[in-house]
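In: no letters, just coordinates:
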């Protein structure tokens, strides 16, 4: 391999992100134009870009209307489909109002109409319509607790579905009997449609008892209204086999695996051996980093499981249990822990970033790591171990001059990690 290792890592990330671009992956999966109305609804960080892709591919003389909700800063101008921006990861009133309007728009349709639902990661917070007896403040409190307790995305969304009037298949129930087609961009390990955006249009296999188990596992302190709602266990979400899903279709149009395969092609073209370790890796970010560091060292020392030069590729969603008050998301946490574990090991570079362009709630997608990163940060008075202890990956990589800033990418197939061993 020749050339700049960091530039190569960035090229792999770009290829992974572009593989999930709605401009490329929506049109091939659109259903035929129905006899009646076509109502487009949806939620997620890619919702607006997906809606625009629908508009560009839909016949100009065919009826098209609807509403999608996306994160602030992720808007794409649309002509026939309304786009609402709302808060993520903690919901706000804009998302609550948009979710209520979406429910209204899908009701009263018939068999000659079509509901086209565009779902991508982030939809759980954006579709923030509380169940009866709950308030937006209740849901905000639960979301904040979930984000800091270390729960994985499936556990988070199990609880969210049982506090919602629209998630967990309830949107499909509202749309029946109209045909409903869901196009999904996956951001969850395993690509389970019941977990992506908390599965508003697919059957929910989880129960109130499962939601309570999440609460007990992490010792989450709940508002009184939420405790009462979960204990009552009324209005269970629709399950597999429910008639609400008799006329529904689901298509997975972009996944983390597709993104990793696109990055692998870039690696092969550059003369590297790509090793895809998994598209659904979960666990504490710092624990995953320790494992990845061990594999990288095995490559350097023993040429196993592949000889250098090679690149370890992985996707999925790690978790961060907050211990400090620093800045950054799970990718910054992963890379800071990787930096500590590798301790400047020669010939090993890495990049970790969220394909949506936002790592946690900061302005960066992630960061890259080089053998001299610890030294460059130290020259500015920043200690890597102190940053890790304070969950402050952002400050470390800011000092090292290696933040990856893309702005919103308007898609989301979860985290991308690449470790280059030369």
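Out: Right, received. Where do you want to start? Since we're looking at a predicted model, the values are computed, not measured.

In: and the residue nearest to residue 143 when sequence neighbours are not counted, how many residues sit next to it?
Out: Using CB to CB, 6 or more residues apart in numbering and skipping residues adjacent in sequence, the residue nearest residue 143 is residue 90, 5.0 Å away. Using the backbone N, CA and C atoms, a C-beta is placed for each residue, glycine as well. Applying other CB atoms under 10 Å, we find 17 residues neighbouring residue 90.

In: quick one: residue 90 and residue 358, what's the gap?
Out: 14 Å (CB to CB, to the nearest Å).

In: equivalent analysis for residue 259, please.
Out: Per CB to CB, residue 259 is found 16 Å from residue 358.

In: same deal with residue 276?
Out: Noted for residue 276: a distance of 24 Å to residue 358, by CB to CB.

In: quick one: which of those two has more around it?
Out: More crowded of residue 276 and residue 358, by other CB under 10 Å: residue 358, with 26 against 16.

In: who touches the more buried one in this structure?
Out: Taking CB atoms under 8 Å, 6 or more residues apart in numbering as the criterion, residue 358 is in contact with 71, 329, 364-365, 408.

In: may I have the phi/psi pair for it?
Out: The phi/psi pair for residue 358 (degrees, to the nearest 10) reads phi -130, psi 120.

In: and if you look at residue 389?
Out: When read as degrees, to the nearest 10, the backbone of residue 389 gives phi -60, psi -30.

In: related to what we said a few turns ago, out of the contacts of residue 358, list just those in strands.
Out: residue 71 (DSSP state E).

In: how is this structure partitioned into domains?
Out: Domain segmentation of the chain under automatic domain parsing yields 5-16+257-421, 22-254.

In: and the ones you listed as JSON lines, adding mean pLDDT?
Out: Shown next, in JSON lines, are the domains of the chain (pLDDT from 0 to 100):
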{"stretch": "domain 5-16+257-421", "mean pLDDT": "96"}
{"stretch": "domain 22-254", "mean pLDDT": "95"}
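
In: quick check: residue 68 is in a strand.
Out: Yes: when classified by DSSP: H, G, I helix; E, B strand; the rest coil, residue 68 is found to be part of a strand.

In: can I assume it is in contact with residue 50?
Out: Yes: with contact defined as CB atoms under 8 Å, residue 68 and residue 50 form a contacting pair (7.4 Å).

In: what's the overlap in contacts for those two?
Out: Here residue 68 and residue 50 have 42, 118 as joint contacts, going by CB under 8 Å, 6+ apart.
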